[in-house]
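Turn this into a structure:
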Amino acid sequence: MRIRERLVAAIVTTVSVAVVASSQFAGAASADNTYGEFLVGGKIEEAYLATGGAATWGNPTGPELSAGLGGRFQRFEKDTSFYWKASVAGGTAHQVGGAILRKWGTKRWERGPLGYPLTDEQDAAGKGKRQQFQGGNVYYSKNNGTFVVWGMLLGVWARKGGPGGFFGMPVSDEYRVGKKWAQDFSGGTLFWP
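Numbers count the residues shown, from 1 in each chain. Below you'll find the model as predicted:
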């Protein structure tokens, strides 16, 4: 009986040491990390860190919250938010900030016709910034302002070179002219149909 008791005690000790050692190297079960006062985790944290983290966007100003249509979002100090929805953009979260964020807000953010962001903010042919959304694009330039280009006018404009083409950057949102849609660009006005 004594041999059996020693064997059981040795096995229990070995298993206990292995569990303690593995927990020291495995880290926390959650991938969330605290920045300032709030946790940032999952796909939002991945995008936050990949695009510069606290040095670029500051710390979060609150916890991650539910967004429309089953997504999530979190706001950060430097006039930016990260939005994520599993079924959009391959499940990647994207940053939306500044003038583009405010313009998107006038269209009811993710619940409106633009939907969720498909990209982070990008250069627009050296003339400003653009960001693609499910329902169209938002363009910003310091000289012209921030405007949405979408639908058939986006297609017509893109075929004519987009921001790098003759028509250049948008200087208005679309508007009606009789039975047609029109939109003004720095190089002229486009109509559809």
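
So which residues of the protein form strands?
Assigned by DSSP state E, the strands in the chain fall at 33-35, 38-40, 65-66, 72-76, 80-84, 94-97, 122-123, 129-133, 136-141, 145-149, 175-177, 180-185, 188-192.

export these to TSV and tack on mean pLDDT and distance to Ala50?
(Each C-beta comes from the backbone N, C-alpha and C, glycine too.) Formatted as TSV, those follow (pLDDT from 0 to 100; distance: least, CB to CB, whole Å):
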stretch	mean pLDDT	distance to Ala50
strand 33-35	96	14
strand 38-40	98	12
strand 65-66	98	21
strand 72-76	98	14
strand 80-84	98	11
strand 94-97	98	10
strand 122-123	98	15
strand 129-133	98	16
strand 136-141	98	21
strand 145-149	98	25
strand 175-177	97	38
strand 180-185	98	33
strand 188-192	97	36
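
Nearest to Gly155, out of those?
Among the strands of the chain, strand 188-192 comes nearest to Gly155, with 8.4 Å by CB to CB.

that older thread, output the strands of the chain in a markdown table, with distance to Glu110 appended to each entry.
A markdown table is the format used below for the strands of the chain (distance: least, CB to CB, whole Å):
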| stretch | distance to Glu110 |
| --- | --- |
| strand 33-35 | 23 |
| strand 38-40 | 19 |
| strand 65-66 | 11 |
| strand 72-76 | 8 |
| strand 80-84 | 6 |
| strand 94-97 | 10 |
| strand 122-123 | 19 |
| strand 129-133 | 9 |
| strand 136-141 | 13 |
| strand 145-149 | 14 |
| strand 175-177 | 24 |
| strand 180-185 | 23 |
| strand 188-192 | 26 |
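
As TSV, these with distance to Met169 and mean neighbour count would be great.
Output for those, formatted as TSV (distance: least, CB to CB, whole Å; neighbours: other CB atoms under 10 Å):
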stretch	distance to Met169	mean neighbour count
strand 33-35	35	14
strand 38-40	34	20
strand 65-66	33	10
strand 72-76	27	21
strand 80-84	22	24
strand 94-97	19	24
strand 122-123	12	10
strand 129-133	9	22
strand 136-141	5	23
strand 145-149	8	21
strand 175-177	17	10
strand 180-185	7	18
strand 188-192	12	14
